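Q: Model the following, please.
(one chain, ligands or ions: 1)
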Amino acid sequence: MKTRFPLLLVLVTLATTACAEDKKPAASDKSMIKPEVTLSEQEWKKRLTEEQYRVTRTAGTEPSFGKVYEEFEKQGEGTYFCICCGAELFTSKEKFHSGCGWPSFYDASTAKNVLERTDTSHGMVRIETLCKRCGAHLGHVFEGESISASTPTKRRFCINGVALNYVPKGGTAPKLLELGTSAVEKKKEEVAKEAGVEVKKP
Ligand SMILES: [Zn+2]
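A: Predicted structure coming up:
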């Protein structure tokens, strides 16, 4: 009997978690990934266009075969950085023509800034891809399809073009966005408190 109670507890906990997740939009458990860069929604809105904000900060999807995709198809050698924080995400080496209407890569760059996690929104189980530094929603990764069968990984990172900042080979990489202002202020207060210094608030 001893083992039954914890098992029941686990099952109840799982069921509660599953229900809670169903009610929340996909973006709501972003706190679980603890990104380094944490700006407020207002700060992100100031930095991004409406479409970039909708896709990256609210887990949106851009229309397929749009203008951004057309540009992506024409782009040559280069690197793709996060539109939100400047982290390196993909390079043209891993790019392939999938014909799906969204920028496609078969692998993330060696910078390893692309996180993967299960996404159960819209009644589907998919693997969502996010920027490790700032938690930006990038798109999804699909496996075992015929369109990626000829790639080395047999995977398709289906990415929203507006989430990417393309820099051609030899170009200047974007400046990495540092910690959010609110996070920096909090850190300053913590340091000052430890040092026994009183922080004057404006
Ligand atoms: Zn980012």
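
Q: CA atoms for contacts and neighbours, from now on please.
A: Fine.

Q: What are the phi and psi values at the residue at minimal distance from the centre of the chain?
A: Nearest to the mean C-alpha position of the chain, counting by C-alpha atoms, centre = their mean, stands residue 130 at 1.9 Å. With angles defined as degrees, to the nearest 10, residue 130 sits at phi -130, psi 160.

Q: Mind telling me what element the closest residue in space to residue 66 that isn't next to it in sequence is part of?
A: Sequence neighbours aside, residue 101 is the residue nearest to residue 66 in space, at 7.6 Å (criterion: C-alpha to C-alpha, 6 or more residues apart in numbering). Using DSSP states H and E, residue 101 sits in no helix or strand.

Q: Distance of residue 123 relative to residue 60?
A: In this view, residue 123 and residue 60 are 15 Å apart by C-alpha to C-alpha, to the nearest Å.

Q: Please pull up the helix or strand immediately following the lowest-mean-pLDDT helix or strand in the chain.
A: None of the helices or strands of the chain scores lower by mean pLDDT, DSSP states H and E than helix 4-23, at a mean of 40. For helix 4-23, the succeeding helix or strand toward the C-terminus, using DSSP H and E, is helix 41-47.

Q: Near residue 146, how many residues? Count them for me, please.
A: 11 (other C-alpha atoms under 10 Å).

Q: Hmm, residue 88 is touching residue 131, no?
A: No: Residue 88 is beyond contact range of residue 131, at 9.1 Å (criterion: C-alpha atoms under 8 Å).

Q: list residues touching both of the two?
A: Here residue 88 and residue 131 have 82, 113 as joint contacts, going by C-alpha atoms under 8 Å, 6 or more residues apart in numbering.

Q: what does the chain have sitting close to the ion?
A: 82, 84, 85, 131, 134 (C-alpha under 5 Å from the ion).

Q: In JSON lines, list those along with pLDDT.
A: Converted to JSON lines, these look like this (pLDDT from 0 to 100):
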{"residue": "82", "pLDDT": "98"}
{"residue": "84", "pLDDT": "97"}
{"residue": "85", "pLDDT": "96"}
{"residue": "131", "pLDDT": "97"}
{"residue": "134", "pLDDT": "95"}
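
Q: so where's this protein uncertain?
A: 1-33, 179-188, 197-202 (pLDDT under 70).

Q: tell me the strands in it, going along the chain?
A: For the chain, the strands defined by DSSP state E occupy 78-82, 88-91, 104-105, 114-119, 126-131, 137-143, 155-159, 164-168.

Q: any chance of those in JSON lines, plus distance to residue 67?
A: Putting those into JSON lines (distance: least, C-alpha to C-alpha, whole Å) gives the following:
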{"stretch": "strand 78-82", "distance to residue 67": "17"}
{"stretch": "strand 88-91", "distance to residue 67": "20"}
{"stretch": "strand 104-105", "distance to residue 67": "15"}
{"stretch": "strand 114-119", "distance to residue 67": "24"}
{"stretch": "strand 126-131", "distance to residue 67": "22"}
{"stretch": "strand 137-143", "distance to residue 67": "17"}
{"stretch": "strand 155-159", "distance to residue 67": "14"}
{"stretch": "strand 164-168", "distance to residue 67": "13"}
